[in-house]
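Student: dropping the sequence and predicted coords here.
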Amino acid sequence: MTSLVLTLTETLRYRGAIGQWSWVLHRISGIGVVFFLTLHVVDTSWSVFYPELYVRAIASYQSPLFTIGEFGLVACVVYHALNGLRIAIMDFKPVWWKYQQRAAVWVLIGTGVILVPVFILMFSHVLKFYSEPDRQVLPLVTVILEQLPFAVGIAAALVGGVIFSGIHGLIAPAKPKDKKAKPQGSRLEGFWWSYMRVSGLLIVPLVFGHLAMMHIIQGVFDITAADFSVVGTTTANASGTAVEFVANRWNYLIGPVAIWRIYDLALLALVVVHGFNGLRLVLTDYTAFSPWLRRGMMYMCVIGAVVLLVLGIGALLSTIDTAAIEMATQAMENLHQ
Ligand code: HEM
Ligand code: HEM
């Protein structure tokens, strides 16, 4: 806790130093995307396991609260990606360290240059949606209440992490430190250090491609546009349900290959492991004062990543049948009643 307070106070006191601000922005943007990803993978799995819930989840995405969040999310991904690339390049090229400050400014400029046209295009989708007559959206209170189960899930992962940490402490109590011994886990940490950089590089095209398809080429509102050709496929969403949208994408074949399933699998594996390892780095940083709590945070991140990978892969390996689309059509009819 003291280190969290120190980070906050020192960041404010140290204002003006671009390096410090870019470190804070990188951290905030990374954590923001991890939280969205948690909701997103769980609710994407509903397109297979609970079609009615998926209809409600996408209706929430199309509400004003989420639309504002969508702009913030895209800004976070773009800034985090550019700044992550800066960190990775600088780490592999120490001779460029003298340009750190200038590079941090270029990251901000680059973020602005990308976001201006992207926001204009995203805004055009929002305007189109709201200019249609009789447009109905979920009320704010409903949207907020629908997110409560996620808060409960995150709290359960936290409690689970702390319990696992307690059990770990009982089974393997800490040994007194041998000052001459090589720091334990340093090779593993070395692996994670490289993983964050390499996975970051691989995530850039995948996540930018995904966001281009969901926000620019088509908008979030087009996920439920009836008879509208589904992005990245040659089929139309006849029922105009979010479930058929996902079914069309996941069933689209190029030769024998379900390309969007493979694409989503690669995105899922890379972002979940990168995001939850990043969350672990942040949380263990602020709990260094208590080995028990620190271990609890680590377990929580492992639980979170495993749950998301199992749900996400489970959904990707399943089929969305016509019964699921019919259930979704029914749920759409009942949505605003
Ligand atoms: C509001 C913004 C977003 C929307 C509307 C959206 C929409 C979707 C949709 C409709 C799917 C279903 C599969 C498909 O059509 O390919 C999907 C899957 C997926 N999205 Fe997004 N996406 C958004 C942002 C993101 C971001 C920022 C990330 C990464 C950090 C992400 C990661 C994924 C992953 C990993 C899957 C596969 C999930 C699974 O296997 O169950 N999405 N997304
Ligand atoms: C788009 C491409 C991305 C790149 C190039 C990238 C790059 C990086 C790099 C290099 C680091 C290590 C920073 C350090 O050690 O100081 C990092 C940390 C992190 N990343 Fe990413 N990342 C990307 C996407 C994501 C996504 C999609 C998420 C969320 C799901 C995420 C969440 C995090 C978190 C939480 C941290 C820890 C921040 C900290 O320690 O302060 N990143 N990222």
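Tutor: Yep, that arrived. Ligands and ions are numbered 1, 2, ... in the order given.
Student: contacts only, for the residue in the stretch 1-150 of the chain that ligand 2 sits nearest to.
Tutor: Nearest residue of the stretch 1-150 of the chain to ligand 2: Gly84, at 2.3 Å (CB to the nearest ligand atom). In this view, the C-beta of every residue, glycine as well, is placed from N, C-alpha and C. Neighbouring residues of Gly84 by CB atoms under 8 Å, 6 or more residues apart in numbering: His26, Arg197, Gly200.
Student: what's the PyMOL line that selects buried ones from those?
Tutor: Buried members of the contacts of Gly84, defined by 16 or more other CB atoms under 10 Å, are picked up in PyMOL with:
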select buried, resi 26+197+200
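Student: what is the nearest of the contacts of Gly84 to Phe150?
Tutor: Taking CB to CB as the measure, His26 is the one of these closest to Phe150, at 24.1 Å.
Student: which residues in the protein form strands?
Tutor: Assigned by DSSP state E, the strands in the chain fall at 228-229, 236-237.
Student: tabulate these in JSON lines, adding columns for mean pLDDT and distance to ligand 2.
Tutor: JSON lines is the format used below for the strands of the chain (pLDDT from 0 to 100; distance: least, CB to the nearest ligand atom, whole Å):
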{"stretch": "strand 228-229", "mean pLDDT": "92", "distance to ligand 2": "28"}
{"stretch": "strand 236-237", "mean pLDDT": "96", "distance to ligand 2": "27"}
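Student: deepest in the core, which of those strands is it.
Tutor: Among these, strand 236-237 has the highest mean neighbour count (mean count of other CB atoms under 10 Å), at a mean of 20.
Student: which strands or helices does that strand pack on?
Tutor: strand 228-229, helix 242-251 (3 or more CB pairs under 8 Å, 6 or more residues apart in numbering; DSSP states H and E).
Student: turn those into CSV, columns for distance to ligand 1.
Tutor: Formatted as CSV, the helices and strands packed on strand 236-237 follow (distance: least, CB to the nearest ligand atom, whole Å):
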stretch, distance to ligand 1
strand 228-229, 13
helix 242-251, 4
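Student: weakest of these in terms of mean pLDDT?
Tutor: Note on these: strand 228-229 shows the lowest mean pLDDT, a mean of 92.
Student: which other helices and strands contact that one?
Tutor: Applying 3+ CB pairs under 8 Å, 6+ apart, one finds that strand 228-229 contacts strand 236-237.
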